[in-house]
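Trainee: Give me a model of this one.
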Amino acid sequence: MSHDEQNHSVEPAADSRPPSRKDAEPRFSGLESFCADNLLTNLLDSIPEMIYIKDAECRYRLDNLAHRIPLGVQTVEEVIGKTAFDFFPQQLAREFDADDRRVIAAGKSLSKVTERVVDREGSVHWIATFKSPLRGPQGEIIGLIGVGRDITDQKHAEEELEKERTLLSALMQSIPDYIYFKDTDSKFIRVNQALADRIGLISPGEILGKTDFELFTEEHAREAFEDEKQMMENNQPIIGKEEKETWKDGEITWSSTSKLPMYNSRGELTGSFGLSRNITQQKEDQIRLAEFARKTEETNIRVKEDLALAAELQRSFLPNKYPTFPESAGTYESGLRFAHYYHPSGPVGGDFFSVRPLSDTTASIFLCDVMGHGVRSALVTAIMRTLITDLSPVASDPGLMLTQMNNRLQRILRLKWDAIFVTAVAIIVNIGTGHVHYANAGHPAPLLSRLSTKETRRLPEPSEGPGPALGLVQDVEYWSSMENILPGDRLLLFTDGLSDLCDSGGRHFGEDGVRDAAATQIDQPPEQVFQHLLRTVRDVTGHETLDDDVCMLAVDVIRLEDNSKEDSH
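Mentor: The predicted structure follows:
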């Protein structure tokens, strides 16, 4: 489309081409005179707004420097006589031309807040434009005066501000936490939708001008008001304060609240803003958890007290004074002397032993280890103590005693517990005959240390071999073996808490380790033997504490009685 066609589409006329400068001079002689004033030109160039004057044919007759810069020209002569079509894209030039002709035709001013202008370099500008008709001496319209201000930076700032407003609005509408803004009197000036919904408002605007006193009880509202007042006075934010909220309807909620003072662009305090997160469920869970912890602590205290009592009772099962042989002999005149070491891994344990006189020359010795340790094992040791008493009529035959004990444990343990068993040894020491009778139910074999030969070995097993642990197999018959004893001999019974251990390399200490360690102390008192064994085990494992219960019982043969004094056993 030619330049003539463009003008024709905007303002139909017989000759749509803008008249030349020469043609316009007779009609615009008054304006020419007006614009010739050099003082006016200098004044216009000093104004930052874009100013221009057009004649009745929409041709430039005068402009200032601010107007020429975006046109890409330097002198007014490059502008005079030209139209918008000479400087702007066709579509934009048509819009400018149409506005100009409307002002001239109607004789009324036109104000456009913004115009999106793309200059010849492709840069986009936003212009606020004001156009007013220019009248001659007789009041006739001879053109127009235009004033434009580049508000591109302002427009960009407004666009950024609008983005921020959109983001803030999206945040205020969607975030589930309560957001609120207040003035210096703690009156609400804005809240988000979540808070409005919680209060029961149709829209957030309904709360404007209200305070916490209209939402909460006096006590809570007063606390919040004082907090905000002090925060604004001291410029000290409140971060993550847990608050108990009592609403007007009596409902109690909990929130985690953060509040900060709010200032305007001049640094003046204008109020405060805050965010409150509903933590009611979390707080109620904490309260329940605290109550559970309190009750658990009370239960633990009772359990500890019960365990302490159980430990005292269990210790009472063990002998605190050993029988003498014969009964009339003093401790140092007795033909047999006893010593023990007992240490449970917890408050109570599963190891137990018993020493009972059958006659002046015969002692019944029983030692057992209940599987595991702790309360359950301790309860079974109480059963074992009862069974020993009940089976005293057959105590002189260790094999028969273990046989009947196994049958009774089968009935008891299978009814109460699953897969629990007891290892045990039963020994009869007769200093009248110089014999030891011994039966084993899956337990580490007792040791016999003979001082006269400096020898330490296991008590021999019966030809049928040791039987299984008690409580595992029904209808098992246990057999006894016999060994001679001499004055100076020592029997050492122990549980697997002492032997069933490994060193750091995985090597098993075992019953052989106990035997070898005891052999080095063959001529030492029992208490020293116990301590030596414990030190050896700690050195092997590298641990000061043992994971299992430990029980050791030493039986020293001081002398044998004359055969004439041998009892019926």
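
Trainee: Nearest spatial neighbour of the residue positioned nearest the centre of the chain, chain-adjacent residues omitted?
Mentor: Nearest to the mean C-alpha position of the chain, by CA atoms, centre = their mean, lies residue 282 at 13.2 Å. Leaving aside its chain neighbours, residue 282 sits nearest to residue 254 (7.6 Å; criterion: CB to CB, 6 or more residues apart in numbering). For the C-beta atoms, the positions are set from N, CA and C on the backbone; glycine is no exception.

Trainee: thought the one you found was touching residue 285?
Mentor: No - using CB atoms under 8 Å, residue 254 is not in contact with residue 285, being 10.6 Å away.

Trainee: more neighbours, these two?
Mentor: Neighbour count, other CB atoms under 10 Å: between residue 254 and residue 285, residue 254 has more, with 20 against 11.

Trainee: Now residue 238, what are its backbone angles?
Mentor: Main-chain dihedrals, residue 238, degrees, to the nearest 10: phi -110, psi 120.

Trainee: ugh, wrong one, residue 138
Mentor: phi -100, psi 10.

Trainee: Can you report phi and psi for residue 275?
Mentor: Torsion angles, degrees, to the nearest 10, at residue 275: phi -140, psi 130.

Trainee: what bits of the stretch 301-450 of the chain have low per-residue confidence?
Mentor: Scanning the stretch 301-450 of the chain with the threshold set as pLDDT under 70 gives 310-311, 314, 414-419.

Trainee: can you give me the helices in it?
Mentor: Ranges of helices in the stretch 301-450 of the chain, per DSSP state H, counting those that start in this stretch, are 375-390, 398-416.

Trainee: Mind putting those helices into CSV with mean neighbour count and distance to residue 549?
Mentor: Formatted as CSV, these follow (neighbours: other CB atoms under 10 Å; distance: least, CB to CB, whole Å):
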stretch, mean neighbour count, distance to residue 549
helix 375-390, 18, 8
helix 398-416, 19, 19
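
Trainee: can you redo those as a markdown table with distance to residue 455?
Mentor: Shown next, in a markdown table, are those (distance: least, CB to CB, whole Å):
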| stretch | distance to residue 455 |
| --- | --- |
| helix 375-390 | 31 |
| helix 398-416 | 23 |
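
Trainee: just to revisit the earlier point, let me know the pLDDT of the residue nearest to the centre of the chain.
Mentor: At residue 282, the pLDDT value in this model is 88.

Trainee: Residue 36 now?
Mentor: 52.

Trainee: How much space separates residue 104 from residue 140?
Mentor: To residue 140, residue 104 is 11 Å away according to CB to CB, to the nearest Å.

Trainee: now do residue 512
Mentor: According to CB to CB, residue 512 and residue 140 sit 133 Å apart.

Trainee: how many neighbours does residue 258 have?
Mentor: Residues near residue 258, counting by other CB under 10 Å: 15.

Trainee: my guess is it contacts residue 273, does it?
Mentor: No - with contact defined as CB under 8 Å, residue 258 does not reach residue 273; the gap is 9.5 Å.

Trainee: so where's the chain uncertain?
Mentor: Within the chain, the stretches with pLDDT under 70 are 1-38, 113-122, 310-311, 314, 414-419, 563-569.

Trainee: One more pass at 80, please.
Mentor: 1-41, 113-125, 168-174, 202, 303-319, 372-374, 413-419, 503-506, 562-569 (pLDDT under 80).

Trainee: domains in it, as residue ranges please.
Mentor: 3-156, 175-278, 318-565 (automatic domain parsing).

Trainee: Tell me which of the ones you listed sits most buried.
Mentor: Stretch with highest mean neighbour count among the domains of the chain: domain 318-565 (a mean of 18; mean count of other CB atoms under 10 Å).

Trainee: Check the offset of it from the chain's centre.
Mentor: Distance of domain 318-565 from the chain centroid (CA atoms, centre = their mean, to the nearest Å) equals 51 Å.

Trainee: swap in stretch 289-296?
Mentor: With CA atoms, centre = their mean, you get 19 Å for stretch 289-296.

Trainee: CA atoms only for that stretch, dumped as PDB, please.
Mentor: This file holds the C-alpha atoms of stretch 289-296, laid out as PDB (Å, rounded to 0.1, in the frame of the first residue of the first chain):
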ATOM      1  CA  LEU A 289       2.100 -38.200  74.000                       C
ATOM      2  CA  ALA A 290       3.200 -36.300  77.100                       C
ATOM      3  CA  GLU A 291       0.400 -38.000  79.000                       C
ATOM      4  CA  PHE A 292       1.400 -41.400  77.600                       C
ATOM      5  CA  ALA A 293       5.000 -40.600  78.600                       C
ATOM      6  CA  ARG A 294       3.900 -39.700  82.100                       C
ATOM      7  CA  LYS A 295       1.900 -42.900  82.400                       C
ATOM      8  CA  THR A 296       4.700 -44.900  80.900                       C
END
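
Trainee: Please identify the buried residues of it?
Mentor: Residues of stretch 289-296 classed as buried by neighbour count (16 or more other CB atoms under 10 Å): none.

Trainee: What is the end-to-end distance of stretch 337-352?
Mentor: Start-to-end span of stretch 337-352 (CA to CA, to the nearest Å) is 19 Å.
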